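Engineer: Turn this into a structure:
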Amino acid sequence: MATKLVLIAYGSGLEPDVAEVIARSGASGYTRWERAAGSGRSGGTHLDTHVWPDFNHVTAVVADEAVAARIMAGVRDLRLVEGARGVKAFLLPVEEVT
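Structural biologist: Numbers count the residues shown, from 1 in each chain. Model (predicted):
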């Protein structure tokens, strides 16, 4: 079974929701970056400054295809509730882990 990387970027207020998606997926671990700054087409600019307030978190999960599929489905469901501006996930192949 192939290994996948799910990279999730989301508004900081969605941390509990994203954590629940990951926990329900059966993932064995993750890495989270807090206070990520950036700009996107649908989410706007979040630089954690007075001019561009707010910030994002980014969580990475390396998992088998089944777990990755459950995470992607959970993020899709979350996007239906929160809208496209609040959360986005990217699914990528993992060539090697060392």
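Engineer: for stretch 16-32, the distance to its chain's centre please.
Structural biologist: Mean C-alpha position of stretch 16-32 versus that of the full chain (CA atoms, centre = their mean, to the nearest Å) differs by 9 Å.
Engineer: Not counting its own residues, what contacts it?
Structural biologist: Stretch 16-32 is touched from outside by 8, 10, 57-63, 67, 70-71, 74-75, 77-78, 82, 87, with contacts defined as CB atoms under 8 Å, 6 or more residues apart in numbering. C-beta: built from backbone N, CA, C; applies to glycine.
Engineer: what's the weakest-modelled helix or strand in the chain?
Structural biologist: Least confident helix or strand of the chain, by mean pLDDT, DSSP states H and E, is strand 44-46 with a mean of 69.
Engineer: Just the strands from this structure, written as ranges.
Structural biologist: Assigned by DSSP state E, the chain shows strands spanning 3-11, 31-36, 38-40, 44-46, 56-64, 87-93.
Engineer: Could I get the ones you listed in TSV, plus columns for distance to residue 17?
Structural biologist: Formatted as TSV, these follow (distance: least, CB to CB, whole Å):
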stretch	distance to residue 17
strand 3-11	8
strand 31-36	13
strand 38-40	19
strand 44-46	17
strand 56-64	11
strand 87-93	8
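Engineer: where are the low-confidence patches of the chain?
Structural biologist: By pLDDT under 70, the weakly predicted segments of the chain are 42-44, 46-49, 84-85.
Engineer: Tabulate the strands of the chain in JSON lines, adding columns for distance to residue 18 and mean neighbour count.
Structural biologist: Converted to JSON lines, those look like this (distance: least, CB to CB, whole Å; neighbours: other CB atoms under 10 Å):
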{"stretch": "strand 3-11", "distance to residue 18": "5", "mean neighbour count": "20"}
{"stretch": "strand 31-36", "distance to residue 18": "9", "mean neighbour count": "12"}
{"stretch": "strand 38-40", "distance to residue 18": "16", "mean neighbour count": "12"}
{"stretch": "strand 44-46", "distance to residue 18": "16", "mean neighbour count": "15"}
{"stretch": "strand 56-64", "distance to residue 18": "6", "mean neighbour count": "19"}
{"stretch": "strand 87-93", "distance to residue 18": "7", "mean neighbour count": "16"}
